[in-house]
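Engineer: No sequence on hand, only this structure:
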C-alpha cells in the first residue's frame, strides 16, 4: 500500500498564505503524478493543482497565479498565497502510483490522503 500523510492547513485571514505538504510512504512504489483536490461543503471535489513526474504542472483556473505546487520525489508542497474565503475547503492529497510486487509492476492505482481543513476567514 501507499500512504499519503498531509500536513499544514488551518485558519488564515483573507489575503494570507498557507502551505500544505504531502508525503507518500510505503514499499516499492513509483509515483507518476501527485495532486491536491479540495471539497467545500455542498460541493463536488475538484482538482486544485497537479504535478507530474517530469515536473509539469496544471492548475484550476480559480487558483492560477496564487497557488504553486512543487514536488520532490514522493513529497509535494502546495503553497497558497492571496487566499480568499472561497478557498475554504477540505484539501486532499492525491497520488497515482504503480507498485512493484513480486518483481512485477502493477497499476497505476489512485491513493488519497485523509484531508486537511483550510479555512479563510476574518
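Structural biologist: Structure's in. What do you need? Note that this is a predicted model, so its numbers are computed, not measured. Residues are numbered from 1 along each chain as shown.
Engineer: Now the residue nearest to the spatial centre of the chain. Its backbone dihedrals?
Structural biologist: With distances taken as CA atoms, centre = their mean, the residue of the chain nearest its centroid is residue 36 (2.5 Å). With angles defined as degrees, to the nearest 10, residue 36 sits at phi -120, psi 130.
Engineer: what residues are up against it?
Structural biologist: 20, 22, 47-50, 69, 76, 78, 91-94 (CB atoms under 8 Å, 6 or more residues apart in numbering). Bear in mind the C-beta positions are built from the backbone N, C-alpha and C, glycine included.
Engineer: Could you rerun that using 7 Å?
Structural biologist: 20, 48, 49, 69, 78, 91, 92, 93, 94 (CB atoms under 7 Å, 6 or more residues apart in numbering).
Engineer: what do you get for residue 67?
Structural biologist: 48, 49, 59, 78, 79, 80.
Engineer: Which of those sits closest to residue 10?
Structural biologist: residue 80 (11.1 Å; CB to CB).
Engineer: Determine the number of other residues adjacent to the closest one.
Structural biologist: 26 (other CB atoms under 10 Å).
Engineer: I'd assumed residue 16 was in contact with it.
Structural biologist: No. With contact taken as CB atoms under 7 Å, residue 80 and residue 16 are classed as non-touching, separated by 8.8 Å.
Engineer: quick one: secondary structure of residue 62?
Structural biologist: Of the three states, residue 62 takes coil under DSSP: H, G, I helix; E, B strand; the rest coil.
Engineer: What does it show for phi and psi?
Structural biologist: Note on residue 62: backbone dihedrals following degrees, to the nearest 10 are phi -70, psi -20.
Engineer: Find the nearest non-adjacent residue to it, please.
Structural biologist: Excluding the flanking residues, the one nearest residue 62 by CB to CB, 6 or more residues apart in numbering is residue 86, at 7.5 Å.
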